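Engineer: Whatever this is, show me its structure:
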Amino acid sequence: MIFNKQTLDMLVIPRMVAEQLLAGEPEILRVYLYGLLHEEGEPEQISEALGIERSVLLQALETLQAQGLIAESKISGELRYQIPQQAEPAEAIELYKDAGLNHMLQALFSDRELSYADYKTFYELMDIYGLPAQVLLLLAEYCINNSSAGNRVSMAYIKKVGRSWAKEGVDSIETAQRKIAALKRNTAELRELLASLNILRLPTDQEFQLYEKWVSEWGFSFGAIKAAMAATTNAQYPTLKYLDGILKNLYQQGCLSSVQVQEYFALNEKLDEQIKEVLRALSYARLTVSQEQRNRYLKFIRMGFGQEEILLACAQAAGKSSAGFDYVEQVLTDWQQRGLLKEAQIRAYLETERKQQSKVRKMLDAAGYKKRVSRGDTALYEKFSQEYGFADEVILFAASCAIGSSSPLRAMDTMLLRWKEAGVHNLRQAKEANEEFRRRGRKTSNFSDIDSRSYSEEQLAQLVPDPTLQYEE
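Structural biologist: Alright, predicted model coming up:
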């Protein structure tokens, strides 16, 4: 969408048009000024910048074209700003040709004297949009009676409603009466909603547009909207705009009937209670559930876990000061990859892990280590017990032999590998192999070249790599 203002060195608008813009919907004036200040913009970009719906933007542009302030190029599609021409006196004479219609319109507006521009609005609805004269009168009466401005209702609003009627095929007294009955019902329902918010007045045009969107565009029943009102108690000063946000979320969830809305809120209430349990388990001081936390919790559910399994993951965070939803997700992801989705499976796995951690702890203690058990330590223990095939008593004996060396785990790995290659299977054979190794003074072993000379720790590390490094995180 490109705005072309090349024909304007300065902005010149006839007083009549300026008054019409000021008397009309504020969105129309804002859209007009936006185009003057910007070179181009997509409808979505303009709507976001002005804080209005896309449909409101398009209606405003249509109104500006009808008023002669902008014109759309059929070739490039750009919107060209132009100076509207004053109506010729002959046109005014032609406009007043239906004196009877003019008289009835003026009677409806009572003490508000209709101007040439006002009459032109009605005749455009009749000549361009095809609304019959009797429908125009019903339209005017409806807009006056249902606007908070009364007979001062803006012509822009009347034209907007008239265009809507034309698009819906309201072309007779009967269809107009049915339309008005439906609109009155909506108005009564809207006033009931406002009253529940302690707003005791007629709905504004903007509020009525919101309600029309909820009912006609989104498909909500009045019962569903009333059910959604329960959620406005969370706001300090609830408004229909706040309710609009609630209904937008419900619309996206496909909850349009009162039963669906009630079920959704009941489910959300239960969901929040479960999430609060998780927050307590993670020692959160604040128990107010955020939407982000709901999304994370629902992700855990979609992964295949239930409340008990999620709380079990939280329990693994004990003692970890930075543990939160990220840590819980890491734990659950690990369990999922291992095929552990049920509490019984997970507890059995954790018990196996606990027993193994206890064995690793004993190995480290026997080797003289005081550090915490790491993944590298656990992986090395698995190497000794599974790959090398040694029992715990053999591993602990090797640890006792390695104690006092500069790197006990490195010495254990060398020692156990030598025993494995020598065919050692049990503790007795390990002791015999160790005694034989000591008796030979390490002179004939493959390790003799290392032991018979003096090496620094850095040189020794180059010759015999630390076996835990490949397992460290």
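Engineer: only C-alpha atoms for contact and neighbour calcs from this point on.
Structural biologist: Will do.
Engineer: ok, now which ones touch residue 221?
Structural biologist: By Cα atoms under 8 Å, 6 or more residues apart in numbering, residue 221 lies in contact with 215, 256-258.
Engineer: at 6 Å what do you get?
Structural biologist: residue 257 (Cα atoms under 6 Å, 6 or more residues apart in numbering).
Engineer: ok, so what distance separates it from residue 133?
Structural biologist: 33 Å (Cα to Cα, to the nearest Å).
Engineer: which parts of stretch 398-410 are buried?
Structural biologist: Applying a neighbour-count criterion of 16 or more other Cα atoms under 10 Å, one finds 398-403, 407-410 buried in stretch 398-410.
Engineer: tell me which of those is nearest to residue 21?
Structural biologist: residue 409 (85.1 Å; Cα to Cα).
Engineer: Please report the distance of the closest one from residue 135.
Structural biologist: Residue 409 is 95 Å from residue 135, by Cα to Cα.
Engineer: try residue 275
Structural biologist: For residue 275, the distance to residue 135 - Cα to Cα - is 56 Å.
Engineer: Okay, helices next: where are they in the stretch 51-200 of the chain?
Structural biologist: Applying DSSP state H, counting those that start in this stretch to the stretch 51-200 of the chain gives helices spanning 54-66, 89-95, 99-109, 116-127, 133-145, 155-167, 173-196.
Engineer: Select, out of those helices, the one closest to residue 265.
Structural biologist: Nearest to residue 265, of all these, is helix 173-196, at 18.9 Å by Cα to Cα.
Engineer: for the record, mean pLDDT for the following helix or strand past that closest one?
Structural biologist: Going down the chain from helix 173-196, the next helix or strand is helix 205-212, by DSSP states H and E. Averaging pLDDT along helix 205-212 gives 85.
Engineer: again with stretch 82-93
Structural biologist: Rounded mean pLDDT across stretch 82-93 is 55.
Engineer: again with stretch 54-74
Structural biologist: 78.
Engineer: Other residues contacting it?
Structural biologist: By Cα under 6 Å, 6+ apart, stretch 54-74 touches 28, 47, 78-82, 84.
Engineer: swap in stretch 301-313?
Structural biologist: For stretch 301-313, contacts defined as Cα under 6 Å, 6+ apart pick out 328, 341, 343.
Engineer: so the first one, which of the three states?
Structural biologist: Going back to what we said before, that points to residue 328. helix (DSSP: H, G, I helix; E, B strand; the rest coil).
Engineer: can you check the second one too?
Structural biologist: Secondary structure of residue 341, reduced to three states by three-state DSSP: coil.
Engineer: Next, count neighbours for residue 149.
Structural biologist: 14 (other Cα atoms under 10 Å).
Engineer: Most neighbours among the contacts of stretch 301-313, which one?
Structural biologist: residue 328 (23 neighbours).
Engineer: what's the pLDDT at that one?
Structural biologist: 94.
Engineer: thinking again about what came up before, next, format the helices of the stretch 51-200 of the chain as CSV and append distance to residue 357.
Structural biologist: Formatted as CSV, the helices of the stretch 51-200 of the chain follow (distance: least, Cα to Cα, whole Å):
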stretch, distance to residue 357
helix 54-66, 62
helix 89-95, 95
helix 99-109, 88
helix 116-127, 83
helix 133-145, 78
helix 155-167, 73
helix 173-196, 62
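Engineer: For these, give me JSON lines that also has mean neighbour count and distance to residue 320.
Structural biologist: Putting the helices of the stretch 51-200 of the chain into JSON lines (neighbours: other Cα atoms under 10 Å; distance: least, Cα to Cα, whole Å) gives the following:
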{"stretch": "helix 54-66", "mean neighbour count": "17", "distance to residue 320": "49"}
{"stretch": "helix 89-95", "mean neighbour count": "11", "distance to residue 320": "81"}
{"stretch": "helix 99-109", "mean neighbour count": "14", "distance to residue 320": "74"}
{"stretch": "helix 116-127", "mean neighbour count": "17", "distance to residue 320": "71"}
{"stretch": "helix 133-145", "mean neighbour count": "19", "distance to residue 320": "65"}
{"stretch": "helix 155-167", "mean neighbour count": "18", "distance to residue 320": "62"}
{"stretch": "helix 173-196", "mean neighbour count": "16", "distance to residue 320": "48"}
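Engineer: name the element the closest residue in space to residue 370 that isn't next to it in sequence belongs to?
Structural biologist: Leaving aside its sequence neighbours, residue 370 sits nearest to residue 364 (Cα to Cα, 6 or more residues apart in numbering; 7.3 Å). Element membership of residue 364 [criterion: DSSP H and E] is helix 343-366.
Engineer: Kind regards, and thank you for your time.
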